[in-house]
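A.B. asks: Let me see the structure of the following:
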Amino acid sequence: MEVNEEFTSEHADTSSSTYKEFVNKFGSAADNFYRSKLKNFVSVDNIILSAGGTINRHRGKRSLPLKKSESMKVKHDVIFTVKNDENANNTYNDALNELKEAIKDVKNFSDLVVNNASASPTELNVTDVCVEAAQNLTGDFQNYFAGVELPDGRVACVTPCNNNHPKPKTCMHGGTCAVDKQGPNCYCQQTEANWYLGEDCSFQVHKVGFYAGLGTVAGIAVMTIAFLTIYLVINKRTVKRNKDIKKELVKEWLDDDFEWPSQKKISAGTYDNPVYSHKQDSLGKPDFSADRFYTQNFSPDPDIHLRYLQREQSMKMDRPQIRSSFDI
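C.D. replies: So this is what the prediction gives:
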């Protein structure tokens, strides 16, 4: 509305006494007017003052020039109730038309002269509706509600457990959705035959199969442990037995109790050893003399002339060094 009242800089300051006095005056006059004209009227709210058109005022004497000033533009919200049902949109449109008809003939609010007035619809903000509806809830529950317009025209504040929510949470296999302090969660249904796991109860576990599989795995585990235990015991005994045999053999060599195998003398100066021959002392043991020379015998290939071979080729060899298996 634009009223025939001079707008000053103090009217733009919401903390000034001039602003507060005018708002109280206008609000009281508008409340009486709308209440008498509109059904389901609640109140006038959100009053905003601004400069309007130019108005002319006389200074009191005809000889003085006219004083030009700006009129007062008053923007405000008219609040009324609408029943939240399938006819909510029609009820709102009817109230808007009723308001437009009422302000056509408005001339004054008490001592305020109205130059002109107009009304425009306000888009429904379902988020604001839910904020107001959930203001009495404690904790973070308010954050889990969202306002939606239902297909039948009603407005509802729903959680993700409702299918009309922009991001609904679906629970499978008969699970129940509920909202707690951590947010929406699925509580899975447990039956005599099955379990349901997962965030949305989609993972199904058969109890009979689970216990059978658990028993099979346990049996395999026991058998594996038993087999490994037996293998380790046998392997340990085998290693110990081989170790003892090597110790005894080395001890015999060190004590010089090892008996050399007898050799047959095939011909003069040769023995049954196919590679080397050696001298023996009177006791039948190898004679490692200072020269340490051994006689080598060959069986030449028939195609090789014997004149190119030496029958008695000597080879110098050191005495074998006896080492135990532990040194190796």
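
A.B. asks: the strands in the stretch 101-250 of the chain, which residues?
C.D. replies: Under the criterion DSSP state E, counting those that start in this stretch, the stretch 101-250 of the chain contains strands at 108-109, 112-116, 146-149, 155-158, 176-180, 183-187, 194-197, 203-206.

A.B. asks: Count the residues that sit near the closest residue to residue 100 other than its chain neighbours.
C.D. replies: The spatially closest residue to residue 100, leaving aside those adjacent along the chain, is residue 119, at 5.1 Å (CB to CB, 6 or more residues apart in numbering). All C-beta atoms are positioned from the backbone trio N, CA, C, and that covers glycine. Number of residues near residue 119 (other CB atoms under 10 Å) recorded here: 16.

A.B. asks: just the one 10 residues further on next, same as before
C.D. replies: Burial measure for residue 129: 15 neighbouring residues, criterion other CB under 10 Å.

A.B. asks: Leaving out the residues flanking it, which one is nearest to it?
C.D. replies: Per CB to CB, 6+ apart, closest to residue 129 is residue 147, 5.1 Å.

A.B. asks: how does the chain divide into domains?
C.D. replies: 2-116, 126-201, 207-258, 260-328 (automatic domain parsing).

A.B. asks: Same list (those) but as TSV, adding mean pLDDT.
C.D. replies: TSV is the format used below for the domains of the chain (pLDDT from 0 to 100):
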stretch	mean pLDDT
domain 2-116	84
domain 126-201	83
domain 207-258	79
domain 260-328	51
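
A.B. asks: residues contacting residue 98?
C.D. replies: With contact set as CB atoms under 8 Å, 6 or more residues apart in numbering, residue 98 has these partners: 37, 38, 39.

A.B. asks: Among the residues you listed, name the buried ones.
C.D. replies: Using 16 or more other CB atoms under 10 Å as the burial test, those include residue 38 as buried.

A.B. asks: closest to residue 99 among the contacts of residue 98?
C.D. replies: residue 38 (6.2 Å; CB to CB).

A.B. asks: now the helices for the stretch 151-300 of the chain?
C.D. replies: For the stretch 151-300 of the chain, the helices defined by DSSP state H, counting those that start in this stretch cover 207-254.

A.B. asks: sorry, back to before: the strands of the stretch 101-250 of the chain: which one's closest to residue 254?
C.D. replies: Using CB to CB, the nearest of the strands of the stretch 101-250 of the chain to residue 254 is strand 203-206, at 69.0 Å.

A.B. asks: picking up where we left off before, roughly how far apart are the residue nearest to residue 100 and residue 98?
C.D. replies: Applying CB to CB, to the nearest Å, the value for residue 119 to residue 98 is 10 Å.

A.B. asks: picking that back up, as a markdown table, the contacts of residue 98 with secondary structure and distance to residue 46 would be great.
C.D. replies: Output for the contacts of residue 98, formatted as a markdown table (DSSP: H, G, I helix; E, B strand; the rest coil; distance: CB to CB, whole Å):
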| residue | secondary structure | distance to residue 46 |
| --- | --- | --- |
| 37 | helix | 20 |
| 38 | coil | 17 |
| 39 | coil | 21 |
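
A.B. asks: got the contacts of residue 98 as TSV, with distance to residue 229 columns?
C.D. replies: Below are those laid out as TSV (distance: CB to CB, whole Å):
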residue	distance to residue 229
37	98
38	93
39	92
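
A.B. asks: roughly how far is stretch 213-232 from the heart of the chain?
C.D. replies: Here stretch 213-232 is found 37 Å from its chain centre; the criterion is CA atoms, centre = their mean, to the nearest Å.

A.B. asks: Which residue lies closest in space to the residue most central in space within the chain, excluding its sequence neighbours?
C.D. replies: When the chain is reduced to its mean C-alpha position, the nearest residue by CA atoms, centre = their mean turns out to be residue 199, at 12.2 Å. Nearest in space to residue 199, with sequence neighbours left out and distances taken as CB to CB, 6+ apart, is residue 186 at 6.4 Å.

A.B. asks: Can you tell me the strand partners of whichever strand or helix holds residue 54 and which way each runs?
C.D. replies: Secondary structure from DSSP states H and E places residue 54 in strand 41-57. If you go by DSSP bridges, strand 41-57 pairs up with strand 67-80 (antiparallel).

A.B. asks: Residue 141 contacts residue 133, doesn't it?
C.D. replies: No. If you go by CB atoms under 8 Å, residue 141 and residue 133 don't touch, sitting 11.8 Å apart.

A.B. asks: Any idea how many residues pack against residue 201?
C.D. replies: Residue 201: 22 neighbours (other CB under 10 Å).

A.B. asks: The residue lying closest to residue 110 once chain neighbours are set aside in helix, strand or coil?
C.D. replies: Once flanking residues are discounted, residue 110 sits nearest to residue 29: 4.3 Å by CB to CB, 6+ apart. Assigned by DSSP: H, G, I helix; E, B strand; the rest coil, the conformation of residue 29 is helix.
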